[in-house]
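Undergrad: Structure here, sequence nowhere to be found:
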Ligand code: PBG
């Protein structure tokens, strides 16, 4: 018997599209995609975001339309960010029952009912005039525990409006526990929490700060968001959030932290979300615009990689477009 070389030929399983499809280890499904959406108070027309081509600050009406399109395409959920007309030191618009996000959540619940999952980002940076995620002490530091009191109140306002999942994203210590207690105390025991458990102090949030008009007026977020070099610390954050009552956990950003996504996926038994953030979106859009990258292929590869790393749910600004592509 003359042994043929090579004995193993992995290329056999790559020969045809049908073969590759059959043996694919990872697939994308629209149901696991979540679309982040911006809604701004006091504008008459949707306003394009310069650094995120194709993404808009919505009016209440244009939000309804875009949300309807996303759900029709099969997108699994929507997460809302509000930009109030007036910002102040404590972010008072954030927990106003008639604040922009609360109104938008009511609109979308009326339109879409149980056909999707309506979620809300829970933070102060979109609402404060200084652009920080919390309230400040006299010397300009973020006051962790005073901020928690604000988060508790925002949580109750968002839940009362009908948000099904709250995403506390400010990286204050104890935020998940405080939000859980506040929700339960107000009778919202059914409202879930998706902890932004692992959130790095990332340059990839740059374009979001245009989108939400929330660039910090001084300083940065390194005193509360994580140092990009740390990975063990992410597990500590995840376990703290689970102890405090998080129903799901998130890693953010996604693409530059795929190792962390994998480690979290291997360590926990709850759904793991990953947020493909604004900078990840804008990089690919910009390179594609220059003709340097194949836009569609790069988008699909970026999302597949996040799923392969272990994310069950992916937040992405391309959710509607990709859901449509998957359907055809
Ligand atoms: C905080 C928040 C941010 C993002 C989501 N929630 C900004 C920040 O922490 O600076 C960034 C999302 C993105 O870049 O797409 N409310």
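TA: Here it is on my side, so go on. Quick caveat, the model's predicted, so the values are computed rather than measured.

Undergrad: After the biggest helix by length in the chain, which helix or strand is next?
TA: Secondary structure assigned by DSSP state H gives helix 144-161 as the longest helix of the chain. For helix 144-161, the following helix or strand on the C-terminal side (DSSP states H and E) is strand 165-168.

Undergrad: before we move on, the earlier item: now the longest helix of the chain: how far from the chain's centre is it?
TA: Centroid displacement of helix 144-161 relative to its chain, using C-alpha atoms, centre = their mean, to the nearest Å, is 19 Å.

Undergrad: hmm, who's touching that helix?
TA: The contact list for helix 144-161 (C-beta atoms under 8 Å, 6 or more residues apart in numbering) reads 90-91, 94-97, 99, 101-103, 105-106, 109, 120, 122, 124, 133-135, 137, 166, 168, 170, 172-175, 178-179, 181-183, 186, 188, 191. Using the backbone N, CA and C atoms, a C-beta is placed for each residue, glycine as well.

Undergrad: Could I get the buried residue list for that helix?
TA: Along helix 144-161, these residues count as buried under the neighbour rule (16 or more other C-beta atoms under 10 Å): 144, 147-148, 150-152, 154-161.

Undergrad: need the contact list for the one residue in the stretch 1-150 of the chain that gets nearest to the ligand.
TA: Using C-beta to the nearest ligand atom, the closest approach of the stretch 1-150 of the chain to the ligand is made by residue 123 at 3.4 Å. When contacts are counted by C-beta under 8 Å, 6+ apart, residue 123 touches 133, 168, 169, 170.

Undergrad: Now rank the residues you listed by neighbours and give me the top one.
TA: Among the contacts of residue 123, residue 168 has the most neighbours (other C-beta atoms under 10 Å), with 28 neighbours.

Undergrad: Beta-bridge partners for it, please?
TA: Counting by DSSP bridges, residue 168 is bridged to residue 122.

Undergrad: Would you agree it is in contact with residue 119?
TA: No: in this structure, residue 168 is not within contact of residue 119 by C-beta atoms under 8 Å, at 11.4 Å.

Undergrad: and the contacts of helix 144-161, which are buried?
TA: 90-91, 94-96, 99, 101-103, 105-106, 109, 120, 122, 124, 133-135, 166, 168, 170, 172, 175, 178-179, 181-183, 186, 188, 191.

Undergrad: Residue 192 reaches residue 249, doesn't it?
TA: No: look at residue 192 against residue 249 with C-beta under 8 Å: they stay out of range, at 11.8 Å.

Undergrad: out of those two, which sits in the more crowded spot?
TA: More neighbours surround residue 249 than the other of residue 192 and residue 249, with 27 against 18 (other C-beta under 10 Å).

Undergrad: What strand or helix carries residue 82?
TA: Here residue 82 is assigned to strand 77-83, by DSSP H and E.

Undergrad: Double-check that residue 190 belongs to a strand.
TA: No: counting by DSSP: H, G, I helix; E, B strand; the rest coil, residue 190 is not found in a strand; it is coil.
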